[in-house]
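Trainee: Any chance you can model this:
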Amino acid sequence: RDDRGGVELRFSARDRTLIGDYYHQAAKLKRTPPGLAKREQLPPGLVRGGRLPSGLQGRGLPSDLESRLTALPAPYVRLIIGRDVVLMKRDTRVVLDVLYGVVVE
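Mentor: Numbering: from 1, shown residues only. You can find the predicted model right below:
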């Protein structure tokens, strides 16, 4: 953001579809009964504009999925936190967008 305007970074419709399809396909391969899916309680604040708590760590998306998604500018990352995929600025840990409940493990 500067005095001429700003840019809002979010998951694109294409990236949402690719991520959703990737984990939907993974779920079909694993054939885990829906009642046995692992559910994690995430701390409040995992919302757009909030900060990811410092003690909460995520992991990167699988490389074969990440390579198909829109490239992000250097300070931004996509992380898996529980069953959610988070788009955030690495150094400030500000959450820019969240795809809730898409990850199946």
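Trainee: Of all the residues in stretch 95-105, which ones are buried?
Mentor: 95, 96, 97, 98, 99, 102, 103, 104 (16 or more other Cβ atoms under 10 Å). Any C-beta I mention is one placed from the backbone N, CA and C, and that applies to glycine too.
Trainee: What is the most widely separated pair among these?
Mentor: Within these, 96 and 104 form the most distant pair, 23.2 Å apart (Cβ to Cβ).
Trainee: List phi and psi for residue 98.
Mentor: Backbone torsions of residue 98, given as degrees, to the nearest 10, read phi -140, psi 130.
Trainee: same check, this time on residue 64
Mentor: Residue torsions, per degrees, to the nearest 10, at residue 64 are phi -70, psi -30.
Trainee: What average pLDDT does the longest helix along the chain get?
Mentor: Longest helix in the chain by number of residues (criterion: DSSP state H): helix 13-30. For helix 13-30, mean pLDDT rounds to 84.
Trainee: Return the list of helices and strands in contact with that helix.
Mentor: Under the contact definition 3 or more Cβ pairs under 8 Å, 6 or more residues apart in numbering; DSSP states H and E, helix 13-30 sits against helix 63-66, strand 95-99.
Trainee: Could you identify which of those has the lowest mean pLDDT?
Mentor: Between these, the model is least confident about strand 95-99 (mean pLDDT), which shows a mean of 91.
Trainee: and that one with helix 13-30, angle?
Mentor: Inter-element angle recorded for strand 95-99 and helix 13-30: 50 degrees (by axes from the mean of the first three to the mean of the last three Cα atoms, to 10 degrees).
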